[in-house]
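Engineer: no FASTA, just this:
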């Protein structure tokens, strides 16, 4: 008969009651889209450092999706809206 053993790492910390896990919040890899995760020691949470084009708690939202000047469609007479590819992310052209 084979037995498998799972080993959990637990530690008793002086001054604290009970058993506390050494697993960090970043161990579950909550940050998305290549973001870096950092555990916060002060408030038992984590922070994601998002790449420039993403935002949100876990870097789940692409910034260009948030600032789409064509949503909702601002063009008259059912024209199609196209985002202009200039430095102004709020520029659009109607066709």
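Structural biologist: Now that the structure is in, tell me what you want to look at. Remember, it's a predicted structure, so these values are computed and weren't measured experimentally.
Engineer: could you pull out the strands in this protein for me?
Structural biologist: For the chain, applying DSSP state E gives strands covering 10-11, 20-21, 36-40, 45-49, 54-55, 61-62, 81-83, 92-94.
Engineer: pLDDT score for the nearest residue to residue 75 once chain neighbours are set aside?
Structural biologist: Computed as C-beta to C-beta, 6 or more residues apart in numbering, the closest residue to residue 75 that is not its neighbour in sequence is residue 94, at 3.6 Å. In short, each C-beta sits where N, CA and C put it, glycine included. Residue 94 is assigned 91 on the pLDDT scale.
Engineer: ditto for residue 78
Structural biologist: 88.
Engineer: and for it, the neighbour number?
Structural biologist: 6 (other C-beta atoms under 10 Å).
Engineer: low-confidence ranges in the protein?
Structural biologist: Low-confidence segments of the chain (pLDDT under 70): 1-22, 65-66, 85-89.
Engineer: ok, 80 please
Structural biologist: Along the chain, segments meeting pLDDT under 80 span 1-23, 52, 63-68, 83-90.
Engineer: measure how buried the nearest residue to residue 53 once chain neighbours are set aside is and give me the count.
Structural biologist: Leaving aside its chain neighbours, residue 53 sits nearest to residue 63 (5.4 Å; criterion: C-beta to C-beta, 6+ apart). Neighbourhood size, residue 63 [other C-beta under 10 Å]: 14.
Engineer: now do the one 10 residues further on
Structural biologist: When neighbours are counted by other C-beta under 10 Å, residue 73 registers 13.
Engineer: can you pull the contacts of it?
Structural biologist: 80-81 (C-beta atoms under 8 Å, 6 or more residues apart in numbering).
Engineer: could you redo the last one with a cut-off of 10 Å?
Structural biologist: Residues near residue 73 by C-beta atoms under 10 Å, 6 or more residues apart in numbering: 79-81, 92, 94.
Engineer: the residue nearest to residue 75 touches residue 76, doesn't it?
Structural biologist: Yes - judged on C-beta atoms under 10 Å, residue 94 makes contact with residue 76 at a distance of 7.2 Å.
Engineer: quick one, which of the two is more surrounded?
Structural biologist: residue 94 (13 against 7).
Engineer: wait, what's in contact with the more buried one?
Structural biologist: Contacts for residue 94 (C-beta under 10 Å, 6+ apart) come out as 70, 73-77, 79-82.
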